[in-house]
Structure formats: C-alpha cells, structure tokens
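In: Need coordinates for the below:
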Amino acid sequence: MQNQISEQKARLEKRMRELAAGDICLAFSGGVDSSLLLKAAVDAVAETGKKVYAVTFDSRLHPACDLEIAGQVAKELGGIHQVISIDELEQADIRMNPKNRCYLCKRRLFSSLKEFAEEKKSSCILDGTNEDDMHVYRPGIQALGELGIISPLAELHITKAEVKALASLYGISVASRPSTPCMATRIPYGMELNYEILTRIGEGEAFLRELFSGNVRLRLHGNVARIELDPECLEQVLIKRELVIRRLKELGFPYVTLDLEGFRSGSMDLFIEKQTPDSSAVL
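Out: Numbers count the residues shown, from 1 in each chain. Down below sits the predicted model:
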C-alpha cells in the first residue's frame, strides 16, 4: 500500500508540473480532494513561477462552514484565494430538482469559473473529481467534460482512500475531514428546492455533528427526517435519543428515523440507473 501511495504521489506531482506551464484555476471547496490538488499545484508553480487561483463558490446550497474552512486551508497551503458568489436556485430548472440537477448545477458553476479563468488568462481549470466518483451517479461529470475542465485525480485513477492517504502524507489539515456535499442531496428528486427547507436541514445536521463524529446526513422524505451516521455511531443515537428528537422536532421535522444501514454516499440515487444523463432533458 505504501509503495502504491508513493507511486501515485510521483504521478500526481509529474502531472501537476505539466499543468503548471501556465496559471491554474482550481475549483476549491476546502475538502480533501481539492486541498490535495491545491498543495500539488502550489508546489508545482513554485518551479515555474506561475499562479494558482483557488476559487471557492459562495453558494447557499453548501454548508456555511465550507467557505470559512476553504479560506483557512487556502491560507495554509498557499495560492490566491478567490470567491465567486452564485445563487443556483435563481435557475428554475435547477430549483425544480430534476434527476439531472447535478449536471445543470455543475454547468452553471463551472461556466462562472471558466469566465473567471478567461479574465485571468488561464486556460487550465481543475476540479477534484476522483476515481471513485467515476463509478457512481455523478451527472455533473458530463458538464465538466463539456466545459474542458481537467480532473487530475480521476485521470490518474486516484481513489478517495488514496486521496486521504496522500493528503495525510503531505500534512494537509483537512486530510480526515468528512465530505460535505451539496445540500440538495438531502432532498428527493422532483421535490422543489427552497432555502427554508435546506436551512432547517443544515441546522439539523450542524446539531447532529456536535453530538456525533464522522459522516452525518439528515435526509428528508416528506415529513420524515432520516438520519445517516457511520455504523459505529448508531448506538450513541439511542443514548441521546430524547435530545435528538426534541431538537429535530423544534426544527419542524415531525417524524425522526435512524437509518440502520448507516451512512452511504448517494443514498438518494438508489433507484437511478447509472448512465450518462441526457443533458438537454429535465427529467
């Protein structure tokens, strides 16, 4: 395993040196994937004299803590931190939450990033899609390809586990940080998105994170709030049952359930066929 990580490290650094022939714009969330890329990019441009722009989207579809953490990690690793504010729900077809929502959203976000890159005269735009993302329902990947976005981790077949190992090897502070994907993933497809519901879900998750470590999701099914936690935390919920129920009901969730299967990424995609979506269709 250690030899494999060393090989992936060498391949990533080689690829980043190639990309560092010009200025780099990186979609930067402050998560482990984009933080690994930022570290590798900053090291690479130190040799070429080019710039790295770590660009964070200020979006209400992501937890508020993401922007703060992204700023802290960008300061830690270097690069020029830039923030682009965007309101995805201004776009009606995103707001209606179709099955290809991720495609529509990525298309809007990365079109904005591409405009920023053009202003900076940078033709190299990167994102942190990794090898694991290529094997699950990720319609947004189609938008990245259409816009010419480069995903070095996916190119090099670097998995999420390898990303975390490499980030730890580099000493990156967020190496073990759980992912915090778009809040729209907490809502069933076809249910219209609105910030009031998403804010309540976000407050519920923030509360749960104060009680439980690891991955935390609060997913909504009509009046039912379904809690997903790492399996080792499930017993703790029963111990803190009354506290959890009281707070989530205060937030307006009349029914509170614990998913015995535990956390799994993309659980709302269970009945979606794993195929490339028709980008012209709103399903």
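In: Can you give the contact residues for stretch 157-168?
Out: Identification of contacts with stretch 157-168 by Cβ atoms under 8 Å, 6 or more residues apart in numbering yields 1, 4-5, 8-9, 12, 32-33, 35-36, 39, 130-132, 152-153, 174-176. Backbone N, C-alpha and C define where each C-beta goes, glycine included.
In: With stretch 37-50 instead?
Out: Against stretch 37-50 from outside (Cβ under 8 Å, 6+ apart): 12-13, 16-17, 19-24, 26, 28, 51-52, 54, 73-74, 77-79, 126, 128, 152-153, 167, 170, 172.
In: What about the closest residue to residue 191 other than its chain neighbours, how many residues nearby?
Out: Counting by Cβ to Cβ, 6 or more residues apart in numbering, residue 97 is the residue found nearest to residue 191 once chain neighbours are left out, at 5.8 Å. Residue 97 is flanked by 19 other residues according to other Cβ atoms under 10 Å.
In: Angles on the backbone of residue 179, please.
Out: phi -70, psi 150 (degrees, to the nearest 10).
In: Would you map the helices across the stretch 101-250 of the chain?
Out: Using DSSP state H, counting those that start in this stretch, the helices of the stretch 101-250 of the chain run over 101-119, 140-146, 152-155, 160-170, 195-211, 234-239, 241-250.
In: Mind putting the ones you listed into JSON lines with mean neighbour count and distance to residue 183?
Out: Below are the helices of the stretch 101-250 of the chain laid out as JSON lines (neighbours: other Cβ atoms under 10 Å; distance: least, Cβ to Cβ, whole Å):
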{"stretch": "helix 101-119", "mean neighbour count": "19", "distance to residue 183": "11"}
{"stretch": "helix 140-146", "mean neighbour count": "19", "distance to residue 183": "15"}
{"stretch": "helix 152-155", "mean neighbour count": "21", "distance to residue 183": "24"}
{"stretch": "helix 160-170", "mean neighbour count": "18", "distance to residue 183": "21"}
{"stretch": "helix 195-211", "mean neighbour count": "17", "distance to residue 183": "5"}
{"stretch": "helix 234-239", "mean neighbour count": "13", "distance to residue 183": "21"}
{"stretch": "helix 241-250", "mean neighbour count": "14", "distance to residue 183": "16"}
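In: so can I have TSV of these showing mean pLDDT and distance to residue 61?
Out: Listed next are the helices of the stretch 101-250 of the chain as TSV, based on pLDDT from 0 to 100; distance: least, Cβ to Cβ, whole Å:
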stretch	mean pLDDT	distance to residue 61
helix 101-119	97	8
helix 140-146	96	13
helix 152-155	98	23
helix 160-170	96	22
helix 195-211	95	7
helix 234-239	96	27
helix 241-250	98	21
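In: wait, which of the ones you listed is closest to residue 220?
Out: helix 195-211 (6.3 Å; Cβ to Cβ).
In: rewinding a little: would you mind checking the contacts of stretch 157-168 for buried ones?
Out: 5, 8-9, 12, 32-33, 35-36, 39, 130-132, 152-153, 174-175 (16 or more other Cβ atoms under 10 Å).
In: What distance do you get for residue 163 to residue 268?
Out: 23 Å (Cβ to Cβ, to the nearest Å).
In: and if you look at residue 160?
Out: Applying Cβ to Cβ, the value for residue 160 to residue 268 is 19 Å.
In: out of the helices of the stretch 101-250 of the chain, nearest to residue 62?
Out: Closest of the helices of the stretch 101-250 of the chain to residue 62 is helix 195-211, at 9.2 Å (criterion: Cβ to Cβ).
In: For the closest one, what is the distance to the chain centroid?
Out: 17 Å (Cα atoms, centre = their mean, to the nearest Å).
In: likewise stretch 224-244?
Out: 24 Å.
In: Need the residues that contact that stretch.
Out: With Cβ under 8 Å, 6+ apart, stretch 224-244 has contacts from 201, 204, 208, 211-220, 248, 253, 255-264, 267.
In: go on, stretch 200-219?
Out: So stretch 200-219 is contacted by 63-65, 178-179, 183, 185-187, 220, 225-230, 232-233, 236-237, 240, 243-244, 247-248, 251-253, 263, 267-268 (Cβ under 8 Å, 6+ apart).
In: Fine, thanks again, bye for now.
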